[in-house]
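Asks: Here is a sequence together with a model predicted from it:
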Amino acid sequence: MEEKITALCESFIENQTALKKVFTMESAYIYPIAANALTARGFRADEEKLRECKSIISKNAGLFSFLNGMVATPFAVNLSMKDDPKAAFDRTAGFYAVIKKSFDSSSYSALLAFLLPDMIGEEQLESVVARGRELFQEMKKKHPFLTGEEDSVLAAFLALSEKDNATLIDDMEACYTLLKGKFSSQNSIQSVSHILSITGGSVREKVEHLTELYDMLKDAGRKYDVYTLATLAAVSILDTDNEKLRDTILTIDDYLSGQKGYGFFGIDKGTRLMHAAMLTADLYDAAQTTHTAATASTLAMIAAQQAAICIIIASAALANVD
C-alpha cells in the first residue's frame, strides 16, 4: 500500500507541475483539482496535447464564451484525455446548448457541459437536465437563501441517481438536519447533504460515518474547512473503515507537506488536507469490489470536486465586485 500511495502522490505532483507550465497565471486552487482529474484516471499530463486543447478552446471561445474563465483549464485537461479533442469539444458545445436553456449561460453550465458527456449519451441529456432543473427548484424551495446557480452542478449530478426526486430531497433534508448539530457553515452543510444523498444506506449511518471520520482527523490535529468538507464527505462513503481512511489521509497529507507549494509559504493546511482526501478516494475507489459501490463513490467524489470549483468561481466573482 505504501508504494501505491507514493506512486499516486508522485503522479499528482508531476501533473500539477506540468499544468503550471501550460496554464500560467491560473488560480492556485485550480491546478490540484485539474491534476487530480488526470491522476484519478491514471493519466500523466501530456504538455503538447494540453497546449493543443488550450488552443482549441481559445479558437472557439467566441462561440463558447463562458470557457474564458476558471472552467477553461479543467476543460482543457478533460479534452486532453480524449482520443479526438476537437470532436470532444464539439460534443461539449452541443451539450452546453441544451444545458443553458434550463440553467442559463454561466461557468457552471459550462462545467456541466464537459462533465456530463462522460456519464450519459446525447439521448439522455434533455431528460437529465430537465430532472436536474426540477431538483434545483426543489432545493431552492427548501433553502432559498443558500441555493445559488452554483448548486445547479450538484442538482444535475443528483439527476443521475436511481433514486426518485422525493427520496433524494428527503435524504438531503434529513442529512442537513443531522449535520446542523455538528457543523456551523450552512452552505457547506448543504453541499455535504447533497453528496451524501447520492449514495445508498441510511441517512443516520452516512452522517455518523462522516462525523466520526471528521473527529478522528480532528483528534489527529487536522481539520476540514468550509469547502474541503464536501471532499471528506465523498471519502466517507467509500466501502472502507474509517481507521484505514484516516491513516491514509494522514500519510498522504504528511507526504504532501514536504512537497514544493505545500510547505510553510504554500497552500494552507486545510486545502492540502482536501488534496489528501481526493487522493485517498482515488486510491480506494479504484479498489472497490462492486460496480455499484464504485459508481456511487466516483459520482460523489466528482460532485465534491466540482463543488470546490464552484466555490472558487463564486469567490473570484465576489472578489471582482466593486
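Replies: Good, I have the coordinates.

Asks: Kindly indicate whether residue 16 is helix, strand or coil.
Replies: What DSSP: H, G, I helix; E, B strand; the rest coil gives for residue 16 is helix.

Asks: ok, now which ones touch residue 217?
Replies: 223, 224, 232, 246, 249, 250, 273 (Cβ atoms under 8 Å, 6 or more residues apart in numbering). C-beta here means a position set from N, CA and C on the backbone, and glycine is covered the same way.

Asks: Filter those down to the buried ones and hand me the ChimeraX line.
Replies: The following ChimeraX command selects only the buried members of the contacts of residue 217, with burial defined by 16 or more other Cβ atoms under 10 Å:
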select :224,232,246,249,250,273
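
Asks: List just the nearest of the contacts of residue 217 to residue 100.
Replies: When these are ranked by distance to residue 100 (Cβ to Cβ), residue 232 comes first, at 31.8 Å.

Asks: surely that closest one meets residue 224?
Replies: Yes: here residue 232 lies in contact with residue 224, judged by Cβ atoms under 8 Å, at a distance of 5.1 Å.

Asks: mind listing the strands for the protein?
Replies: Using DSSP state E, no strands are found in the chain.

Asks: Point out where it drops to low pLDDT.
Replies: Filtered on pLDDT under 70, the chain yields the residue ranges 62-69, 226-227, 264-265, 286-301, 305, 307-322.

Asks: Let me know the closest of the contacts of residue 217 to residue 201.
Replies: Compare each of those with residue 201 using Cβ to Cβ and the shortest gap goes to residue 232, at 16.7 Å.

Asks: hmm, back to that, overlap in contacts, residue 232 and residue 224.
Replies: Contact criterion Cβ under 8 Å, 6+ apart; residues shared by residue 232 and residue 224: 214, 217, 274, 277.

Asks: contact partners of stretch 46-60?
Replies: Taking Cβ under 8 Å, 6+ apart as the criterion, the residues outside stretch 46-60 that touch it are 18-19, 21-23, 64, 67, 72, 75-77, 79-80, 85-86, 89, 93.

Asks: if you set the cut-off to 7 Å instead, what comes out?
Replies: If you take Cβ atoms under 7 Å, 6 or more residues apart in numbering as the criterion, stretch 46-60 is touched by 18, 21, 22, 67, 72, 75, 76, 79, 80, 85, 86, 89.

Asks: For the second one, list the residues it contacts.
Replies: What that stands for is residue 21. residue 47.

Asks: ok, now how distant is it from residue 15?
Replies: As judged by Cβ to Cβ, to the nearest Å, residue 21 and residue 15 stand 11 Å apart.

Asks: same question, the fifth one
Replies: To residue 15, residue 72 is 17 Å away according to Cβ to Cβ.

Asks: cool, the third one as well?
Replies: Separation of residue 22 from residue 15 (Cβ to Cβ): 11 Å.

Asks: What is the neighbour count of residue 141?
Replies: By the other Cβ atoms under 10 Å criterion, the neighbourhood of residue 141 contains 10 residues.

Asks: would you list the shared contacts of residue 232 and residue 224 in a markdown table and tack on distance to residue 205?
Replies: Compiled in a markdown table, the shared contacts of residue 232 and residue 224 are given as follows (distance: Cβ to Cβ, whole Å):
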| residue | distance to residue 205 |
| --- | --- |
| 214 | 15 |
| 217 | 19 |
| 274 | 24 |
| 277 | 20 |
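
Asks: what's the neighbour count on residue 51?
Replies: 15.

Asks: next one: residue 95
Replies: A count of neighbours around residue 95, defined by other Cβ under 10 Å, yields 22.

Asks: who touches the nearest residue to it once chain neighbours are set aside in this structure?
Replies: Closest residue to residue 95 in three dimensions, ignoring its sequence neighbours and counting by Cβ to Cβ, 6 or more residues apart in numbering: residue 113, at 4.4 Å. With Cβ under 7 Å, 6+ apart as the criterion, the residues that contact residue 113 are 92, 95, 96, 99.

Asks: Top of these by number of neighbours, please.
Replies: Once you tally neighbours by other Cβ under 10 Å, residue 99 ends up highest among these, having 28 neighbours.

Asks: gap between that residue and residue 121?
Replies: Taking Cβ to Cβ, one finds residue 99 at 15 Å from residue 121.

Asks: ditto for residue 59
Replies: 27 Å.

Asks: Repeat that for residue 138.
Replies: Computed with Cβ to Cβ, the distance linking residue 138 and residue 121 is 25 Å.
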